[in-house]
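Participant: Give me a 3D structure for the following:
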Amino acid sequence: MDFAEMTNGARRGLENQRDRLTEQMQQIADYLQLMDCMDEILADNKRMQEDVESLQQQLADEKKRNADLEMKLAEMGKLSAGVAMKASEEAMLKALRTYVNRSKRKTLDKRAFAKTATLEIANANGLMLPEDLATAIDSLDDEQAEPKTVTVNGNYNDIHDNGGVTLNRK
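Facilitator: Next up, the predicted model:
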């Protein structure tokens with residue numbers, strides 16, 4: 001064999017090996033580029049996981065704050081209902097007291113009706129009557145002496161300005 005053929009054969013072998021190494025080098029470069037992309041994806045994933053954990057913590061804090069506010073709202077609702085009920089009871093008691101006081105000047109039948117009506121209203125609304133009001137209601141249907149009517153002849157001011165009242169007996 002001749003040297004030229006040998007060198008050509010060696011040259012082809014080296015060129016083939018160079019092509020394979022170039023191809024291998026390109027594959028390695030591609031793998032390194034893929035590894036860089038994977039590093040970026042992993043870094044993004046880690047940041048996203050940290051963001052998720054932070055958001056989950058914020059959500060937990062907001063849920064706790066929301067639960068606290070709902071509890072306070074429920075308590076305020078109960079308090080408002082209690083105040084409204086108390087105010088309503090006080091208004092109802094005031095109205096009943098006024099009705100009872102005005103009924104004291106009525107006839108016996110009307111006073112008996114007022115007593116029954118007042119007690120029914122109080123019972124229907126679940127009112128606890130104060131002792132003085134209960135006593136006034138209880139005594140509504142008691143027999144009372146008829147009020148005496150006094151008739152004044154003449155001008156009231158004339159009688160009043162005299163400084164005294166004298167009775168003329170005939």
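
Participant: next helix or strand past the helix or strand harbouring V52?
Facilitator: Using DSSP states H and E, the element containing V52 is helix 3-103. Next helix or strand after helix 3-103 toward the C-terminus (DSSP H and E): helix 108-124.

Participant: Tell me the buried residues in that following helix?
Facilitator: Going by neighbour count (16 or more other CB atoms under 10 Å), the buried part of helix 108-124 is R111, A114, K115, T118, L119, A122. To be clear about C-beta, it is placed using only N, CA and C from the backbone, and glycine gets the same treatment.

Participant: show me the contacts for the residue lying closest to the fifth one once chain neighbours are set aside.
Facilitator: Of all residues beyond its chain neighbours, the one nearest L119 is I137 (6.4 Å), with distances taken as CB to CB, 6 or more residues apart in numbering. By CB atoms under 8 Å, 6 or more residues apart in numbering, the contact set of I137 is L96, V100, K115, T118, L119, L129.

Participant: possible to save those as a markdown table with distance to G13?
Facilitator: Output for the contacts of I137, formatted as a markdown table (distance: CB to CB, whole Å):
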| residue | distance to G13 |
| --- | --- |
| L96 | 120 |
| V100 | 126 |
| K115 | 129 |
| T118 | 123 |
| L119 | 123 |
| L129 | 120 |
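
Participant: Test for you: state the pLDDT assigned to the residue nearest the centre of the chain.
Facilitator: Centroid-nearest residue in the chain: L73, 3.2 Å away (criterion: CA atoms, centre = their mean). pLDDT for L73: 86.

Participant: element containing the residue nearest to L119?
Facilitator: I137 belongs to helix 131-138, assigned by DSSP H and E.

Participant: now that helix: how far from the chain's centre is it?
Facilitator: Distance of helix 131-138 from its chain centroid, counting by CA atoms, centre = their mean, to the nearest Å, is 39 Å.
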